[in-house]
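Q: Below are the sequence and a predicted model for it; my questions follow.
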Amino acid sequence: MTAMVVLGLSIATVLLLLLVAFLVVMRQGRKGRTAEPPVEVAPLETPLPAPVGVVLYAGSDYADPRTIKVGDGIEVHGSPARVLGAVFVSWQGHEWTEFLLRDVARRRQWLSVEVRQGDPPHLEVFMWTEVPTQGMVPAKSMLIMEGVEFFPIERGTAAFRCEGDTGLPERGLLDFADYRASDGRLLSFERIQGGSWTASYASPLAPGSIAIVSRAT
């Protein structure tokens, strides 16, 4: 009887020791996993909204050249002129308008208006003065006009449509090649549907240079 009691106690002791050992192992296992440093996940960056620029003339007291229409009476630096016609040009998603003006001396000049994309977008307004090309054609590299070196910046073939009196077809294609000198001067060649090249210098007009004095009826 005593032997059976001792044997029972021994078995119970062994089972108790095995249970304690099992608990220790399980505790160490959990402790080992939680001790590992957590993996840091970088937060997702919220994309910034595209910058919104302010186009020149917008919200100002100056006349907006984009509102000029055929038949309007305008002033450029105080000199009156009549808008005879307009050429609306489109090229690779870019659009601009060229207005044909006639001043009081009955001279004709072209005024171009274009919104250039950038940061922010900005309005470019140029008065163009024709220069004799003497048979020159636009080169794909630097060219010299009246002793000044001009370097190519843009060239292509654009689609156009006309309104009013422009002396051009109602619709068609226009080849152009634009150049810039180191001092910032611009030179542009144009030809209509494979015709002869014409060239003009550009003079930028600042806000306030143009006034719309009368609207076409």
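A: Looks like it came in fine.

Q: which SSE is Ala177 in?
A: Ala177 belongs to strand 171-181 when assigned by DSSP states H and E.

Q: List the buried residues of that strand.
A: For strand 171-181, the neighbour count (16 or more other Cβ atoms under 10 Å) marks 172, 174-181 as buried. Glycine gets a C-beta too; all of them are placed from N, C-alpha and C.

Q: Let me have those residues in a markdown table, extended by distance to Val115.
A: Shown next, in a markdown table, are the buried residues of strand 171-181 (distance: Cβ to Cβ, whole Å):
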| residue | distance to Val115 |
| --- | --- |
| Gly172 | 23 |
| Leu174 | 19 |
| Asp175 | 22 |
| Phe176 | 17 |
| Ala177 | 21 |
| Asp178 | 16 |
| Tyr179 | 21 |
| Arg180 | 19 |
| Ala181 | 24 |
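
Q: from those residues, which is closest to Val213?
A: Leu174 (29.9 Å; Cβ to Cβ).

Q: Just the local confidence number for the closest one, please.
A: Looking at Leu174, its pLDDT is 95.

Q: What residues are bridge-paired with it?
A: Ala158, Ile192 (DSSP bridges).

Q: how long is stretch 69-84 end to end?
A: This stretch, stretch 69-84, spans 9 Å end to end (Cα to Cα, to the nearest Å).

Q: what distance separates that stretch from the middle of the whole chain?
A: When distances are taken as Cα atoms, centre = their mean, to the nearest Å, stretch 69-84 is centred 29 Å away from the chain's centroid.

Q: One more: stretch 94-108?
A: With Cα atoms, centre = their mean, you get 26 Å for stretch 94-108.
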